[in-house]
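Visitor: Provided below are the primary sequence and the corresponding predicted coordinates.
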Amino acid sequence: MSDTLEHRIKEVIVEALMLEDIEPSEIKNDEPLFVEGLGLDSIDALELAIALSKEFGVKTSAEDKRNREIFYSVDSLARFIREEQAAGRASA
Amino acid sequence: MSALRNLIRVMLIGLTLTLAALLIPFGFTLFVVSRVILARRPEPARIVATQRVFHRAFRFMHAYLDRLGLLGFDPGDAAAALPAEGGCVIVANHPTFADTSAILALHPQVTAVVKAAMFRRWYLGPVFRQAGYIEDTRTDFLGAERSVDAIVERLERGERVVIFPEGTRSVGEGLHRFGRIAFEAACRAGVPVVPILIRCEPLWLNKGWRPWRPPRAVPRLSLRALPAARPADHEGSSRRLRDTIYDRLTSAHAAEPHRR
């Protein structure tokens, strides 16, 4: 299950950001997504936030101070999505 | 003779920096005074008038530095490359801390996108707002949308907006990776991007510069416009537009590297 979530996040990154020369499997789970590592930029961050919201139903606000930490890597995104989904189930 | 000339230059640099240190932030009171004078005007007229004040101030500053033999200034064809009418995005490499003033000295009506850290300083923010400058919010994660929206609004009003896509001064011989805010805004507004190559020969006022050790030759800051690029030729993709401009600037920069 965990591999599926991480892999789906990678697919969303490649599809939403139209990364033409990268396969999802080439993205490492712990690799930084922004600046160094995958080299995404501030506009990619916006597009990725929208795509993740559509795909997984999780939202972050622009004012959230944890954003940099949440969007650091595939691992950190997966952790955030799991936490949000668990919180959603608990409150349901 | 050469040693004496160098000593005089170092003294002039010291004097200029001392004046700058004394005048900033208090020198900006001049701009604040102009703000008070212009405050009654409605916003577009106030921005136009303040940008003209900035333009004249920076043109004077570069003429002063050129005349004293501290920093030569050659605006080249850059002013002529800006569209006579309609908005455009001006992007440039960023070798020195005089690059912004050099571009603002080109034309009376240019809107600058200013680093958030500078924009939020108490003595600079009011002046920048008075001139209608835009805060670069890309350092706030997921904050880029605010900058893009503000830039698009200005471009649609026909303004020229300058942004340094490296986000900071260039280091060494290469250029930093380009951010995409400038190109995303150009695509949304459907305006051209005009790249300007800035050179400082020999390199000075760069990161880590030492005021008391100027280059032996008088440094010369020169601007050269490269061919503009249009979103329509890049299928409206800000990524492709960014890559085209990056290639043009890096190729031109590699062909004319800065001499130290």
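Guide: Looks like it arrived, so ask away. Residues are numbered from 1 along each chain as shown, chains lettered A, B, ... in the order given.
Visitor: So which bits of chain B are right by chain A?
Guide: Residues of chain B lying close to chain A (C-beta under 8 Å from any C-beta of the partner chain) are B:138, B:140-146, B:148, B:177, B:179-181, B:184, B:238-239. Backbone N, C-alpha and C define where each C-beta goes, glycine included.
Visitor: Show only the entries of those found in helices.
Guide: For those, the ones inside helices are B:A144, B:E145, B:R146, B:V148, B:I181, B:E184, B:S238, B:R239, with DSSP state H as the criterion.
Visitor: Out of those, which two sit at the greatest distance?
Guide: Farthest apart among these by C-beta to C-beta are B:R146 and B:R239. That separation is 20.5 Å.
Visitor: closest to chain A among the ones in helices among the residues of chain B next to chain A?
Guide: Using C-beta to the nearest C-beta, B:A144 comes nearest to chain A of these, at 3.7 Å.
Visitor: can I get the ones in helices among the residues of chain B next to chain A in TSV with neighbour count?
Guide: Output for these, formatted as TSV (neighbours: other C-beta atoms under 10 Å in any protein chain shown):
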residue	neighbour count
B:A144	25
B:E145	19
B:R146	16
B:V148	25
B:I181	27
B:E184	28
B:S238	22
B:R239	19
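Visitor: Would you mind putting the residues you listed into JSON lines with pLDDT and distance to A:I50 alongside?
Guide: Shown next, in JSON lines, are those (pLDDT from 0 to 100; distance: C-beta to C-beta, whole Å):
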{"residue": "B:A144", "pLDDT": "88", "distance to A:I50": "13"}
{"residue": "B:E145", "pLDDT": "87", "distance to A:I50": "10"}
{"residue": "B:R146", "pLDDT": "90", "distance to A:I50": "15"}
{"residue": "B:V148", "pLDDT": "94", "distance to A:I50": "14"}
{"residue": "B:I181", "pLDDT": "93", "distance to A:I50": "17"}
{"residue": "B:E184", "pLDDT": "95", "distance to A:I50": "14"}
{"residue": "B:S238", "pLDDT": "93", "distance to A:I50": "15"}
{"residue": "B:R239", "pLDDT": "91", "distance to A:I50": "16"}
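Visitor: any chance of these in TSV, plus distance to B:L203?
Guide: Below are those laid out as TSV (distance: C-beta to C-beta, whole Å):
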residue	distance to B:L203
B:A144	30
B:E145	36
B:R146	34
B:V148	32
B:I181	27
B:E184	31
B:S238	31
B:R239	31
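Visitor: What residues does chain A have near chain B?
Guide: By C-beta under 8 Å from any C-beta, the part of chain A that sits against chain B consists of A:18, A:35, A:39, A:41-46, A:49, A:60-62, A:64, A:67-68, A:71.
Visitor: Mind checking which of the residues you listed are buried?
Guide: Buried members of the residues of chain A next to chain B, scored by 16 or more other C-beta atoms under 10 Å in any protein chain shown, are A:D41, A:S42, A:I43, A:D44, A:A45, A:L46, A:A49, A:T60, A:A62, A:N67, A:F71.
Visitor: which pair in the residues you listed spans the largest distance?
Guide: Across these, the longest distance by C-beta to C-beta is 17.3 Å; it joins A:D41 and A:T60.
Visitor: where does the chain dip in pLDDT?
Guide: The chain I'm using is chain A. The model of chain A has pLDDT under 70 over residues A:1-3, A:92.
Visitor: if you could check chain B rather than the one you did, that'd help
Guide: Ranges of chain B meeting pLDDT under 70: B:1, B:19-33, B:35, B:172-173, B:257-260.
Visitor: In the stretch 51-200 of chain B, mark out all the strands, start to finish.
Guide: Ranges of strands within the stretch 51-200 of chain B are B:72-74, B:88-92, B:111-115, B:134-136, B:160-163, B:193-201, based on DSSP state E, counting those that start in this stretch.
Visitor: and what of chain A?
Guide: Applying DSSP state E to chain A gives no strands.
Visitor: For stretch A:25-38, measure first residue to last.
Guide: Start to finish, the residues bounding stretch A:25-38 are 13 Å apart (C-alpha to C-alpha, to the nearest Å).
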